[in-house]
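K.L.:
I would like the atomic coordinates for the input below:
(one chain, ligands or ions: 1)
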Amino acid sequence: MSATVEFARMNGLGNKILVVDMRGRPDKVTPAAAVALNADPQTEFDQIMAIHDPKADGTDAFIDILNSDGSKAQACGNGTRCVVQALAAETGRKAFTFQTVAGILNAVEHEDGTISVDMGRPVFDWNRIPLAEEFHDTSRIELQIGPIDNPVLHSPSAMSMGNPHAIFWVDRDVMSYDLARFGPLLENHPMFPERANITLAQVTSPTSVTTRTWERGAGLTLACGSAACSAAVSAARTGRTGRKVTINVASAKPPATLSIEWRERDDHVIMTGPAEWEWSGSLDPSTGLWSRDDTQEAGAR
Ligand SMILES: N[C@H](CCC[C@H](N)C(=O)O)C(=O)O
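P.N.:
Prediction:
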């Protein structure tokens with residue numbers, strides 16, 4: 001077995017993704033390789049999407065998702081669009097079915113190059129998000145940060161989109177909050193036994209919402225697809241918008257949007273947006289040593 005595999009550096013609205021081709025091999029991208037790749041400015045990433053051979057009938061691939069701290073994620077919306085674009089370019093096919101630890105995902109590339117991913121049904125049960133305390137209504141849980149009588153952030157919606165999310169609704173610009181300071185405290189709050197992705201969301205029109213996310217295991221990112229899905233669901237669930245919204249991902253440069261529909265007929269959340277290839281190379285999935293295809297320059301180590 002060769003020591004190296006092909007990978008592509010891609011992004012989904014600025015969310016930094018490495019798509020790694022692990023097909024035909026029994027091994028996995030190791031947490032040590034993830035940490036080493038993230039430590040290099042040229043390969044630093046938010047998620048690795050490792051494409052493995054399918055494990056279940058009717059699926060095209062099993063996708064293993066790693067955060068930049070080496071931890072596993074169950075879902076990654078922006079990364080899934082990147083995988084679709086990579087496999088569509090390779091095979092000419094337009095529709096794919098993937099398996100992740102969180103279940104089955106269907107995705108399709110449209111004529112205009114945008115990609116829709118069926119992210120499945122949101123989960124609201126407190127013990128399946130999971131939360132540490134029982135809440136009958138997770139659309140607004142008791143949790144706050146800042147002074148007790150004047151909290152900076154409070155009463156988030158909690159849910160799982162395959163991975164755990166907390167959505168804090170705010171009424172001023174999401175960029176005006178010190179998310180780099182509050183993010184880690186909330187990600188690791190005892191309320192979230194498996195930690196959580198933390199999103200600030202502001203309704204900007206009856207059909208649009210702006211979000212900014214601190215990701216579990218990755219920190220401040222330019223965009224987070226599953227958080228955008230969670231914000232859309234939370235907005236509809238709390239009567240702030242209808243079930244179809246545009247999410248402006250505040251940190252994306254240039255500013256960018258995702259279309260999210262929480263479908264009435266089956267409760268599934270459909271996310272539509274772009275993916276972008278940047279460059280390709282090969283890497284050693286056990287150490288993270290890499291080289292770039294076009295120049296064959298060795299990585300920093
Ligand atoms: N960037 C991803 C989400 C990563 C989630 C991950 N940080 C976790 O759940 O641990 C997205 O586009 O959906």
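K.L.:
chain center to stretch 75-92, what's the gap?
P.N.:
13 Å (CA atoms, centre = their mean, to the nearest Å).
K.L.:
same check on stretch 64-75?
P.N.:
Mean-position distance between stretch 64-75 and its chain equals 10 Å (CA atoms, centre = their mean).
K.L.:
buried stuff in it?
P.N.:
Residues of stretch 64-75 classed as buried by neighbour count (16 or more other CB atoms under 10 Å): Asp64, Ile65, Leu66, Asn67, Ser68, Gly70, Ala73, Gln74, Ala75. No exception for glycine: its C-beta is placed from N, CA and C like everyone else's.
K.L.:
for stretch 42-60, same thing?
P.N.:
Residues Thr43, Phe45, Asp46, Gln47, Ile48, Met49, Ala50, Ile51, His52, Thr59, Asp60 are the ones in stretch 42-60 that count as buried (16+ other CB under 10 Å).
K.L.:
who's in contact with the residue nearest the centre of the chain?
P.N.:
Among the residues of the chain, the one closest to the centroid is Cys76, at 3.2 Å (CA atoms, centre = their mean). Contact partners of Cys76, counting by CB atoms under 8 Å, 6 or more residues apart in numbering, are Ile17, Gln47, Met49, Ile65, Asn163, Gly225, Ser226.
K.L.:
just those residues: which are in strands?
P.N.:
With DSSP state E as the criterion, strands contain Ile17, Gln47, Met49, Ile65 from among the contacts of Cys76.
K.L.:
pretty sure the first one is touching Met10, no?
P.N.:
Pointing back at Ile17 there. Yes: in this structure Ile17 lies within contact range of Met10 using CB atoms under 8 Å: 4.8 Å.
K.L.:
which residues do the two both contact?
P.N.:
Between them, Ile17 and Met10 share these contacting residues under CB under 8 Å, 6+ apart: Cys82.
K.L.:
now for the lowest-mean-pLDDT helix or strand in the chain, which elements pack on it?
P.N.:
For the chain, using mean pLDDT, DSSP states H and E, the weakest element among its helices and strands is strand 144-145, scoring a mean of 94. Secondary-structure packing of strand 144-145 (3 or more CB pairs under 8 Å, 6 or more residues apart in numbering; DSSP states H and E): strand 153-154, helix 179-187.
K.L.:
I'd say Val101 and Lys55 touch.
P.N.:
No: contact criterion CB under 8 Å: Val101 and Lys55 do not qualify, at 10.6 Å.
K.L.:
how confident was the prediction at Met1?
P.N.:
With respect to pLDDT, Met1 has a value of 72.
K.L.:
can you classify the closest residue to it other than its chain neighbours as helix, strand or coil?
P.N.:
Excluding its sequence neighbours, the residue lying closest to Met1 (CB to CB, 6 or more residues apart in numbering) is Arg25, at 6.1 Å. The three-state label given to Arg25 by DSSP: H, G, I helix; E, B strand; the rest coil is coil.
K.L.:
which ones are touching Arg25?
P.N.:
With contact set as CB under 8 Å, 6+ apart, Arg25 has these partners: Met1, Val5, His52, Pro285.
K.L.:
could you check how far it is from Ser2?
P.N.:
Distance of Arg25 to Ser2, computed by CB to CB, to the nearest Å: 9 Å.
K.L.:
rewinding a little: what's the most distant pair in the buried residues of stretch 64-75?
P.N.:
Largest separation among those by CB to CB: Gly70 and Ala75, giving 17.3 Å.
K.L.:
residues of this structure that sit close to the ligand?
P.N.:
15, 46-47, 67, 73, 75-79, 163, 197, 215-218, 224-226 (CB under 6 Å from any ligand atom).
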